[in-house]
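Participant: Got a predicted structure here, sequence first:
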Amino acid sequence: MTLSNVIRLCLALVCLTIPGLPQRLTVGAIGGLRLTGDPEAYSYDTSNSKPYLVGPMIEVSLPLHFALEADALYSRLGSTAYYPFVANEYDIRTIANSWEFPLLAKYRLPVPHVHPYLSIGIAPRHAGGQIHTIHYGYYASDVTFSSEDWHAHDHAFVLGGGIDVVLGHIRVSPGVRYLRWKVPASPASWNTAYYLDVPQNEAQVLLGIGWHGKR
């Protein structure tokens, strides 16, 4: 099933729940940390990525203990590379504002009070920022600076799990996620891995807090 087909299926399921949205909708915020760092392609590379993720979330409950969740997670990606060629050195710093948009299908186990859940889905990612280059020539005065904008995108397959704790209208949802990013061996210029050393396997720990209507 292609990415577009998955999105169409999820939207169709959401439309089926519209008559009961006041009772089925949860809105809130989600945040957490990446537990895996960026790989270093060369010994002179340094990661400048931040481990945090934060953003809004929305969830629609479905019959038979199923639900759909959509998030928009902001994070900061970056790296600095140093190329020590003789009389031709480069410092290249890449920074990016990254947005992940996980779209997840969830299943809650029928356990009272604390509701364990499993999730599966996809996470498109859009990143954009600037590349700053400093070039050092043969002479000490031979230093040039340049900057350019860049934009890229990719996506990941997502598996996750956690628990839901409901306190009145408040739902607290700690959980973990595993993401398998599409990182090709020879990335194209539109791919995030073309500019940054991003991990193919990523682990995240997240906490969602939301408000929901009565059931």
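Facilitator: Done, it's in. Residues are numbered from 1 along each chain as shown.
Participant: List the neighbouring strands of the longest strand along the chain plus their orientation.
Facilitator: In the chain, with assignment by DSSP state E, the single longest strand is strand 143-167. Partners of strand 143-167 in the sheet, by DSSP bridges, are strand 114-136 (antiparallel), strand 170-181 (antiparallel).
Participant: which intervals of the protein have sub-threshold pLDDT?
Facilitator: 1-23, 41-44, 86-87, 90, 137-141, 214-215 (pLDDT under 70).
Participant: Strands of that one, start to end?
Facilitator: 25-34, 45-47, 52-61, 66-71, 73-85, 88-100, 103-108, 114-136, 143-167, 170-181, 201-212.
Participant: I'd like these as a markdown table, with distance to residue 191 appended.
Facilitator: For the C-beta atoms, the positions are set from N, CA and C on the backbone; glycine is no exception. Listed next are the strands of the chain as a markdown table, based on distance: least, Cβ to Cβ, whole Å:
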| stretch | distance to residue 191 |
| --- | --- |
| strand 25-34 | 19 |
| strand 45-47 | 18 |
| strand 52-61 | 20 |
| strand 66-71 | 22 |
| strand 73-85 | 13 |
| strand 88-100 | 13 |
| strand 103-108 | 20 |
| strand 114-136 | 10 |
| strand 143-167 | 6 |
| strand 170-181 | 10 |
| strand 201-212 | 16 |
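Participant: In JSON lines: those strands, plus mean neighbour count.
Facilitator: Below are those laid out as JSON lines (neighbours: other Cβ atoms under 10 Å):
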{"stretch": "strand 25-34", "mean neighbour count": "18"}
{"stretch": "strand 45-47", "mean neighbour count": "15"}
{"stretch": "strand 52-61", "mean neighbour count": "18"}
{"stretch": "strand 66-71", "mean neighbour count": "20"}
{"stretch": "strand 73-85", "mean neighbour count": "17"}
{"stretch": "strand 88-100", "mean neighbour count": "17"}
{"stretch": "strand 103-108", "mean neighbour count": "19"}
{"stretch": "strand 114-136", "mean neighbour count": "17"}
{"stretch": "strand 143-167", "mean neighbour count": "15"}
{"stretch": "strand 170-181", "mean neighbour count": "18"}
{"stretch": "strand 201-212", "mean neighbour count": "17"}
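Participant: which one of those lies closest to residue 194?
Facilitator: Closest of the strands of the chain to residue 194 is strand 143-167, at 6.4 Å (criterion: Cβ to Cβ).
Participant: which residue sits closest to residue 76, ignoring its sequence neighbours?
Facilitator: Closest residue to residue 76 apart from its sequence neighbours, by Cβ to Cβ, 6 or more residues apart in numbering: residue 50 at 4.1 Å.
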